[in-house]
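>>> next come a sequence and a model predicted from it.
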Amino acid sequence: MFSIDRSLNYGRHHIRKWYKMIQKAKMDDVLDIGAGYGSDLLLAREVKPDVRLHAIEISPEYQNVLKQQDITVYPIDIEHQSIPLPNESMDVIVANMILEHIKEVFWVFHEISRVLRMGGHLIIGVPNLASLHNRLLLLFGKQPSCIQNYTAHVRGYTKGDLLKLLSLCYPDGYALTRSGGGNFYPFPPGLAKPLATVFPNHAWGITLLMRKQKNYTGDFLRYPREKHLDSVFYSAGQ
């Protein structure tokens, strides 16, 4: 039986490499949404020791750990509250394995795009609905593992659909700079890492590096209203 290394799901080998690239330009402030124990933020500190680290985290357990590591914590509900930071104040924003948990995706991307500076970078990681193991599950009439209805996941993403979401809601707002696959079920690390490199669109997870290239003027809040989507989405009265 294969031994799966689930830590590869998070694509942190990509994130570490991208931090090294970003810091050559400007990486003074990094914000992680749903930071957990701060693993993605601490990678930024490894690359640039004097970087200022910020975290949005609702769990008291995680908050305590983050504060002990000299990370500024904002204990807010990201789906229904504004990020308490000025417009265009962050150089990098990380949203790694949180978007699949979120219904209010338009509000969350609104706040991300408001707070990220022009030329800043957005790192996104999501489970891949089109992974090899999910395709095989569907082939045999089984529910894909990343969107099972008895789990905390409420959305499913493929690389193409995620990029389409961004381009439709915020045309030309973000440019895809880098992308990579993370893990490859059901294989052990020695096979999973090279397979995810060669076949990223079939990997367990998708990790994207996006660059903000256009002024943000509330596009993500306008989109669901203009398209008359048959669901009520949060917009803070805007």
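Nice, I can see it. Everything quoted here is computed from the prediction, not taken from an experiment.

>>> output the worst-scoring helix or strand of the chain on mean pLDDT as CSV - backbone C-alpha positions only.
Lowest by mean pLDDT, DSSP states H and E among the helices and strands of the chain is helix 189-198, with a mean of 91. Below are the C-alpha coordinates for helix 189-198, written out as CSV (Å, rounded to 0.1, in the frame of the first residue of the first chain):
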residue,chain,number,x,y,z
PRO,A,189,6.4,11.2,-2.6
GLY,A,190,9.2,9.7,-4.8
LEU,A,191,6.7,9.3,-7.6
ALA,A,192,4.1,12.0,-6.7
LYS,A,193,6.5,15.0,-7.0
PRO,A,194,7.8,14.2,-10.5
LEU,A,195,4.3,13.2,-11.7
ALA,A,196,2.9,16.5,-10.5
THR,A,197,5.7,18.3,-12.4
VAL,A,198,5.1,16.5,-15.6
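
>>> helices or strands up against it?
strand 174-182 (3 or more CB pairs under 8 Å, 6 or more residues apart in numbering; DSSP states H and E). From N, CA and C alone the C-beta is placed, and that goes for glycine too.

>>> flag every buried residue along the strand it packs on.
Residues of strand 174-182 classed as buried: Tyr174, Thr177, Ser179, Gly180, Gly181, Gly182 (neighbour count, 16 or more other CB atoms under 10 Å).

>>> now do stretch 24-33
Met27, Asp29, Val30, Leu31, Asp32, Ile33.

>>> alpha carbons of the helix or strand harbouring Leu66, as PDB, please.
Take DSSP states H and E as the rule and Leu66 turns out to sit in helix 60-68. Extracted in PDB, the C-alpha atoms of helix 60-68 (Å, rounded to 0.1, in the frame of the first residue of the first chain):
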ATOM      1  CA  PRO A  60      -8.100  30.900  18.700                       C
ATOM      2  CA  GLU A  61      -5.700  27.900  18.700                       C
ATOM      3  CA  TYR A  62      -4.100  29.100  15.500                       C
ATOM      4  CA  GLN A  63      -4.100  32.700  16.600                       C
ATOM      5  CA  ASN A  64      -2.000  31.900  19.700                       C
ATOM      6  CA  VAL A  65       0.600  30.100  17.700                       C
ATOM      7  CA  LEU A  66       0.800  32.900  15.100                       C
ATOM      8  CA  LYS A  67       1.200  35.600  17.700                       C
ATOM      9  CA  GLN A  68       4.000  33.600  19.400                       C
END
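
>>> just how off-centre is that helix within its chain?
Relative to its chain's centre, helix 60-68 lies at 20 Å (CA atoms, centre = their mean, to the nearest Å).

>>> for that helix, give me every contacting residue.
Ala35, Gly36, Tyr37, Gly38, Leu41, Ala55, Glu57, Val73, Pro75 (CB atoms under 8 Å, 6 or more residues apart in numbering).

>>> and which of the residues you listed is nearest to Val126?
Gly36 (15.4 Å; CB to CB).

>>> kindly state the pLDDT recorded for the closest one?
Confidence at Gly36, expressed as pLDDT, is 97.

>>> ok, the residue nearest to it when sequence neighbours are not counted to Asp230 distance?
Sequence neighbours aside, Tyr62 is the residue nearest to Gly36 in space, at 5.5 Å (criterion: CB to CB, 6 or more residues apart in numbering). According to CB to CB, to the nearest Å, Tyr62 and Asp230 sit 35 Å apart.
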